[in-house]
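Chemist: for reference, the sequence and a predicted model appear below.
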Amino acid sequence: MSVSSRIKAAMEGSSWIRRMFEEGRALKAKLGADKVFDFTLGNPDLEPPPQFKAALLAAARDSRPGLHGYMANAGLPEPRQALAEHLARVHQLPFTADDLVLTVGAAGALNIIFKAILDPGDEVVVLAPYFVEYLTYVDNHGGVAKVAETDENFQIDLNKLAAALGPKTRAVIINSPNNPTGQVYAAEILMALGRLLAEHSARHGRPVYLVADEPYRRIVYDNFEVPSIFAAYPDTLLATSFSKDLSIPGERLGYAAVSPRAAGRREVAGGLVLANRILGFVNAPALMQRVVAGLTEVSVDIAPYARRRDLFCQVLSAAGYEFFRPQGAFYLFPKAPGGDDLAFVALLKEENILAVPGRGFGRAGHFRLAFCVPEAVIERAAPGFKKALKSLG
């Protein structure tokens with residue numbers, strides 16, 4: 001065997017998203033890209049805002065010495081201070097630069113969080129449907145993922161979540177706005193979740209951390225507001241990135257933040273800094289840190305995403321699909337007609353429509369469609385969605 005048995009098993013069960021994406025590449029090579037309707041990958045296609053490009057050019061022209069060297073593992077002080085001030089305004093809490101660690105994307109933030117808080121065998125409750133890599137991130141650091149189902153509208157089901165808690169529970173991870181459903185968790189449910197975790201923590205004598213993964217926080221529709229997760233529970237850790245709101249996923253910049261109300265606040269922050277170093281990240285990209293330092297209040301214009309959401313909902317509704325209308329992010333998660341998500345995704349593929357089976361996100365019987373594609377792609381796919389559904393009779 002060329003690789004470890006653990007990695008071999010992970011390779012064999014690798015992400016459905018990437019699997020379908022690779023199938024899509026082959027189909028496009030065969031038929032031509034304009035004949036294939038690829039809704040598999042949540043890769044933001046909007047250009048970054050002009051403020052980003054101006055800041056990038058200014059940073060590139062800065063000829064002061066030492067700007068591209070190593071730095072403190074937490075990141076440069078200026079962007080950390082700017083982000084702390086931003087979080088303080090949004091959440092009305094006294095964040096400081098020492099509460100933040102700049103990371104290699106939200107994935108880097110989640111990995112340093114789990115490295116810092118998990119002992120071998122500690123459990124992390126994951127809400128289904130979930131971002132596909134959560135299970136791997138937990139496993140990376142010796143943790144055990146315990147899945148709790150959300151309700152039929154993809155809101156948190158507190159009874160099911162409570163049933164998943166146990167003496168080894170160390171964290172609960174939530175993602176709102178959610179990938180793959182576009183659901184935004186309601187403020188009253190988050191407050192109830194906070195009370196549940198506080199009671200559980202007190203009963204077992206150690207904090208259960210609430211880990212909030214929020215890269216889509218600014219991509220919300222219909223004047224919706226994402227509630228403050230820090231208001232719901234003291235022992236909260238935030239993981240986020242600039243990938244979606246600045247549309248720069250390839251630049252790999254994000255951060256982790258510790259709530260000012262967290263017990264052992266400084267120790268946890270110190271653990272995140274150390275984890276950033278020993279996991280090999282060392283520090284987040286220096287150039288991008290300098291670029292975003294002045295962009296904490298800037299984001300892409302989400303109007304194109306809103307138009308695409310509305311158009312896609314019209315297409316699916318006219319064809320007869322059942323789906324939840326997303327409140328945020330850029331995904332739809334319809335029910336798979338006939339109930340078998342693998343079989344229906346195969347039917348869609350016959351119409352050159354590429355989607356991702358819901359079982360890859362922990363919820364079989366659904367499929368995911370990413371609408372970070374031009375409107376023309378959605379329009380041209382409409383007949384295929386009708387034909388695939390009609391083929392079921």
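Modeler: Cool, got the structure. Here the structure is a predicted model, which means the values were calculated and not measured.
Chemist: so which residues of this protein form strands?
Modeler: For the chain, the strands defined by DSSP state E cover 37-38, 100-103, 123-128, 144-149, 169-175, 209-213, 236-241, 254-258, 331-332, 353-354, 356-357, 367-370.
Chemist: okay if I get these as JSON lines plus distance to E22, mean neighbour count and mean pLDDT?
Modeler: All C-beta atoms are positioned from the backbone trio N, CA, C, and that covers glycine. Below are the strands of the chain laid out as JSON lines (distance: least, CB to CB, whole Å; neighbours: other CB atoms under 10 Å; pLDDT from 0 to 100):
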{"stretch": "strand 37-38", "distance to E22": "11", "mean neighbour count": "22", "mean pLDDT": "94"}
{"stretch": "strand 100-103", "distance to E22": "27", "mean neighbour count": "29", "mean pLDDT": "98"}
{"stretch": "strand 123-128", "distance to E22": "24", "mean neighbour count": "23", "mean pLDDT": "98"}
{"stretch": "strand 144-149", "distance to E22": "25", "mean neighbour count": "18", "mean pLDDT": "98"}
{"stretch": "strand 169-175", "distance to E22": "25", "mean neighbour count": "23", "mean pLDDT": "98"}
{"stretch": "strand 209-213", "distance to E22": "25", "mean neighbour count": "27", "mean pLDDT": "98"}
{"stretch": "strand 236-241", "distance to E22": "24", "mean neighbour count": "26", "mean pLDDT": "98"}
{"stretch": "strand 254-258", "distance to E22": "26", "mean neighbour count": "28", "mean pLDDT": "98"}
{"stretch": "strand 331-332", "distance to E22": "20", "mean neighbour count": "26", "mean pLDDT": "98"}
{"stretch": "strand 353-354", "distance to E22": "10", "mean neighbour count": "24", "mean pLDDT": "96"}
{"stretch": "strand 356-357", "distance to E22": "12", "mean neighbour count": "26", "mean pLDDT": "94"}
{"stretch": "strand 367-370", "distance to E22": "15", "mean neighbour count": "28", "mean pLDDT": "97"}
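Chemist: nearest to L110, out of the ones you listed?
Modeler: Set against L110 and scored by CB to CB, the strands of the chain come closest in strand 236-241, at 4.7 Å.
Chemist: restricting to C-alpha, output the closest one in PDB.
Modeler: Coordinates of each C-alpha in strand 236-241 appear next as PDB, following Å, rounded to 0.1, in the frame of the first residue of the first chain:
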ATOM      1  CA  THR A 236     -18.200  30.700  21.300                       C
ATOM      2  CA  LEU A 237     -15.400  30.500  18.700                       C
ATOM      3  CA  LEU A 238     -15.800  32.000  15.200                       C
ATOM      4  CA  ALA A 239     -14.200  30.700  12.000                       C
ATOM      5  CA  THR A 240     -14.700  32.700   8.900                       C
ATOM      6  CA  SER A 241     -13.000  33.900   5.700                       C
END
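Chemist: helices and strands around that strand, which ones?
Modeler: Here strand 236-241 touches helix 105-117, strand 209-213, strand 254-258, going by 3 or more CB pairs under 8 Å, 6 or more residues apart in numbering; DSSP states H and E.
Chemist: how far does the first one sit from its chain's centre?
Modeler: Which is helix 105-117. Centroid separation for helix 105-117 versus its chain: 13 Å, with CA atoms, centre = their mean, to the nearest Å.
Chemist: relative to strand 254-258, how tilted is it?
Modeler: For helix 105-117 against strand 254-258, the angle by axes from the mean of the first three to the mean of the last three CA atoms, to 10 degrees is 40 degrees.
Chemist: if we can go back for a sec, quick one: which of the helices and strands packed on strand 236-241 is nearest R19?
Modeler: Closest among these, using CB to CB: helix 105-117, at 18.8 Å.
Chemist: in this protein, which spans are helices?
Modeler: Counting by DSSP state H, one finds helices in the chain at the ranges 5-12, 16-31, 50-61, 77-91, 105-117, 134-140, 158-164, 187-204, 265-278, 286-292, 303-319, 341-350, 375-390.
Chemist: okay if I get those helices as TSV plus mean pLDDT?
Modeler: Below are those laid out as TSV (pLDDT from 0 to 100):
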stretch	mean pLDDT
helix 5-12	73
helix 16-31	72
helix 50-61	97
helix 77-91	98
helix 105-117	98
helix 134-140	96
helix 158-164	98
helix 187-204	98
helix 265-278	98
helix 286-292	97
helix 303-319	98
helix 341-350	96
helix 375-390	97
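Chemist: which of those helices sits closest to L67?
Modeler: Taking CB to CB, helix 286-292 is the member of those nearest to L67, at 6.7 Å.
Chemist: just to revisit the earlier point, the strands of the chain: which one's closest to A82?
Modeler: Smallest distance to A82 across the strands of the chain (CB to CB): 9.8 Å, for strand 100-103.
Chemist: may I have the strands that pair with that closest one, each with its orientation?
Modeler: strand 254-258 (antiparallel) (DSSP bridges).
Chemist: domain ranges for this protein?
Modeler: 5-48+301-390, 51-292 (automatic domain parsing).
Chemist: before we move on, the earlier item: quick one: closest of the helices of the chain to S247.
Modeler: With CB to CB as the measure, helix 50-61 is the member of these nearest S247 (8.2 Å).
Chemist: point out the most buried one among the helices of the chain.
Modeler: helix 105-117 (a mean of 25; mean count of other CB atoms under 10 Å).
Chemist: just checking, what packs against it?
Modeler: strand 100-103, helix 134-140, strand 169-175, strand 209-213, strand 236-241, strand 254-258, helix 265-278.
Chemist: including distance to G182, could these go into CSV?
Modeler: Putting the helices and strands packed on helix 105-117 into CSV (distance: least, CB to CB, whole Å) gives the following:
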stretch, distance to G182
strand 100-103, 25
helix 134-140, 17
strand 169-175, 11
strand 209-213, 15
strand 236-241, 17
strand 254-258, 21
helix 265-278, 29
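Chemist: out of those, which is closest to R359?
Modeler: Among the helices and strands packed on helix 105-117, helix 134-140 sits nearest to R359 (CB to CB), with 12.8 Å.
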